[in-house]
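**Student:** I need the structure of the sequence given here:
(one chain, ligands or ions: 1)
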Amino acid sequence: MSQSIQAAQEESYGGSDNASGSASLNAETAAALSLLDSRAVWALGLLLAFVLGRVTQKQKLPAGFKRLPKLAGLPYIGRPWGVPMSGADAAWYFSQLHKKYGPIYESEVTGTTHIWIENDKIARELLVHRGRKYGDGYELPAGAGVLGGSEVLPLMGMGQEFWRHKDALNRIANVEDVSFGYSELENKDTLRRVLDSPKEWSQHITTHCARTAARVAWGDARHGTKLMEIVQDLSKAGSPGSPPRQEADLRQQMKVAFFEARDDVIARTQAGTAEGSWMKLCLEKAGGLEKGNLSKQEAALTVGTNALIAIAATGSPLHAFFTAMCSYSSWQPRLHEELDRVCGDRLPRTADLPHLPVLRAVVKETLRWKQPMPLGLSRRTTEDDVYDGYYIPKGAVVHANAYLISRESSKYPEAEEWRPERWLEPSWPTYQEPLSEYPTIRGDAAFGYSTHACPGIELAAIELYTTIGAIAWGYNFKRQEGRQGCENAVPWYETNPYVMNVSSQFPCTVTPRSAEKARYMAGGCEDPSLLVKA
Ligand code: HEM
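**Tutor:** Residues are numbered from 1 along each chain as shown. Here you go, the predicted model:
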């Protein structure tokens, strides 16, 4: 076909004595035509595949069941495109689909059915009440190749091994003093670092999370330094196209760090100098741990990955708190008034929490507003199921979209706004009494639903309440004004495909609330080498 059109074209140009010009023209024309040709073949192929797909799809559905609303896609390959890779776009993308397809729908990617759940009622019905059918592990991009599903709890499938690890984790993560008192000790040092270099507030928050997690995990904050590097590398290794070599190195790096930290606790326990920690509990098989009976190797991996998750997960709402303070500064006087009235000239403690409803509302609303895991943690179904007449196949990947669930309009009017009053005033649908107990982040959907739901919720609660309380007790926060403010916008929402959402550092002016508070915060810092960003 292209040959005859080429001949006709030569004729219409009437030949040429410029041989090279003619040759290049012909080459261009031929290329364009072959592109046209290939487009036609593609179009025909796609049409054929579409028709075939419609037929086969209809055949696959068991009799008597309805098919969930399904996102359009290509047969066989399904819909591998669509979900934006990063930024607020992902959240926006799903809100548009939600409007069109409703609260539960499916899509297909290379033969796997993905189920998208976007309301709390359905998420609870499927993931809680039928939890065992919806609890199989699903390899995440950030986990694939780094640590296998058989080694870390969040990626494990259901079964005896899962329950043995889960039981052990629940025990170590829920002892009477979940943070062993380290959270409050670290708060004081963090305030000191922010005083020393306030522009580096984001770095200080990450340092705070790493030190606290390392102390809780191994009784020594120094192990946190390595974890900070690993958390950064882990997100890089999870990027599409990252070389397998890098993942293998990271896997090795993680294991070395976890085993070294474990051996350090063994040595300190033998010397009688080990402070309280998850690892010490495991080694002593304290608090009923003998039941789970994790080997030393399993304990090293369980404690290590738990510490890594704790750093990334708690860092997210701590960053979001700065965003909220810069965007809704009128709440600062109300928060300061409560903290001064209840705590006076010292930092807030766990025992103060029943008297700090405004602080708890600020924390809960921050968690709702900027979900740390906006698209949840995906699970696989272990058997076929039927919901409301709709067929959900075995092996489907189920995503509970935390971002949209936390924005259901009947429950959360003005959902895009950060409004702590929705937890404090009876006119809002989410209000609950008594205020000495509510609002609380315990049981919050941000910690997941399924049998895999977060075992770190108690530690997260202590850390978020006391750390945000301490920072708010000591400081005023202000976004940049004028031209600088326009150039350095406060980030709205950053979702990414790697599970955890943490905003990057943005310019925020952080100043001590008074000279007296500054003097208090200046006193003491356990590790002065961490005062300035290395
Ligand atoms: C603000 C802080 C945190 C948030 C928002 C958070 C959220 C979550 C979510 C959404 C899940 C998945 C639940 C599901 O599959 O349905 C999860 C699982 C998990 N979290 Fe957290 N988490 C936080 C802090 C922590 C901390 C401090 C620890 C450490 C003690 C921790 C350890 C874990 C572990 C080990 C899992 C996997 C559990 C399993 O697969 O059974 N998390 N978390």
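
**Student:** Under the pLDDT cut-off, which ranges of this structure? List them.
**Tutor:** For the chain, the stretches with pLDDT under 70 are 1-60, 82-88, 138-155, 157, 233-247, 287-292, 484-488, 492-499, 524-534.

**Student:** Can you pull the domain assignment for it?
**Tutor:** Listed domain ranges for the chain are 1-60, 153-530 (source: automatic domain parsing).

**Student:** deepest of those domains, which one?
**Tutor:** Stretch with highest mean neighbour count among those: domain 153-530 (a mean of 18; mean count of other Cβ atoms under 10 Å). The way it works is simple: take the backbone N, C-alpha and C, and place the C-beta from them, glycine included.

**Student:** Redo the domains of the chain as JSON lines? Include distance to the ligand.
**Tutor:** Listed next are the domains of the chain as JSON lines, based on distance: least, Cβ to the nearest ligand atom, whole Å:
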{"stretch": "domain 1-60", "distance to the ligand": "28"}
{"stretch": "domain 153-530", "distance to the ligand": "2"}
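
**Student:** Reformat those domains as CSV; add distance to Ala90.
**Tutor:** Shown next, in CSV, are the domains of the chain (distance: least, Cβ to Cβ, whole Å):
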stretch, distance to Ala90
domain 1-60, 26
domain 153-530, 4
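
**Student:** Compare these and report which one is nearest to Pro103.
**Tutor:** Pro103 lies closest to domain 153-530 among the domains of the chain, at 8.5 Å (Cβ to Cβ).

**Student:** starting at the chain centroid, how far to the closest one?
**Tutor:** Put simply, domain 153-530 sits 10 Å off its chain's centre (Cα atoms, centre = their mean, to the nearest Å).

**Student:** when you give positions from now on, start the count at 895
**Tutor:** Yep, numbering from 895; the last one is domain 1047-1424 now.

**Student:** which residues of the stretch 1145-1294 of the chain fall in helices?
**Tutor:** Ranges of helices within the stretch 1145-1294 of the chain are 1172-1178, 1183-1186, 1190-1221, 1226-1237, 1251-1263, based on DSSP state H, counting those that start in this stretch.

**Student:** The last one relative to helix 1190-1221, how many degrees between them?
**Tutor:** It refers to helix 1251-1263. 100 degrees (axes from the mean of the first three to the mean of the last three Cα atoms, to 10 degrees).

**Student:** hmm, back to that, kindly reformat the helices of the stretch 1145-1294 of the chain as TSV containing distance to Ala1245.
**Tutor:** Below are these laid out as TSV (distance: least, Cβ to Cβ, whole Å):
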stretch	distance to Ala1245
helix 1172-1178	23
helix 1183-1186	28
helix 1190-1221	21
helix 1226-1237	10
helix 1251-1263	13
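
**Student:** Strands of this protein, start to end?
**Tutor:** Listed in chain order, the strands of the chain (DSSP state E) span residues 998-1003, 1006-1011, 1273-1274, 1279-1281, 1284-1286, 1291-1294, 1369-1373, 1402-1406.

**Student:** residues making contact with stretch 1313-1332?
**Tutor:** For stretch 1313-1332, contacts defined as Cβ atoms under 8 Å, 6 or more residues apart in numbering pick out 1225, 1248-1249, 1251-1252, 1254-1256, 1258-1259, 1304-1307, 1333.

**Student:** ok, those vs Pro1268, which is closest?
**Tutor:** Closest to Pro1268, out of all of those and judged by Cβ to Cβ, is Tyr1306, at 15.0 Å.

**Student:** Could you pull up the contacting residues of the closest one?
**Tutor:** Arg1262, Ser1300, Arg1316, Pro1323, Thr1324.

**Student:** Single out the residue in the stretch 895-1044 of the chain that lies closest to the ligand.
**Tutor:** Using Cβ to the nearest ligand atom, the single residue of the stretch 895-1044 of the chain nearest to the ligand is Leu1021, 6.6 Å away.

**Student:** and that residue, how many neighbours?
**Tutor:** 23 (other Cβ atoms under 10 Å).

**Student:** how about the nearest residue to it once chain neighbours are set aside, phi and psi?
**Tutor:** Distances taken as Cβ to Cβ, 6 or more residues apart in numbering place Tyr1343 nearest to Leu1021, at 3.8 Å, with adjacent residues excluded. Main-chain torsions, Tyr1343, degrees, to the nearest 10: phi -120, psi -40.

**Student:** could you measure Tyr1359 against Glu1310, distance?
**Tutor:** For Tyr1359, the distance to Glu1310 equals 25 Å [Cβ to Cβ, to the nearest Å].

**Student:** Next: Ile971.
**Tutor:** Distance of Ile971 to Glu1310, given as Cβ to Cβ: 35 Å.

**Student:** hmm, back to that, let me see the contact set for the residue of the stretch 895-1044 of the chain closest to the ligand.
**Tutor:** Contacts of Leu1021 (Cβ under 8 Å, 6+ apart): Ile1011, Tyr1028, Arg1273, Val1292, Ala1294, Tyr1343, Ser1344.
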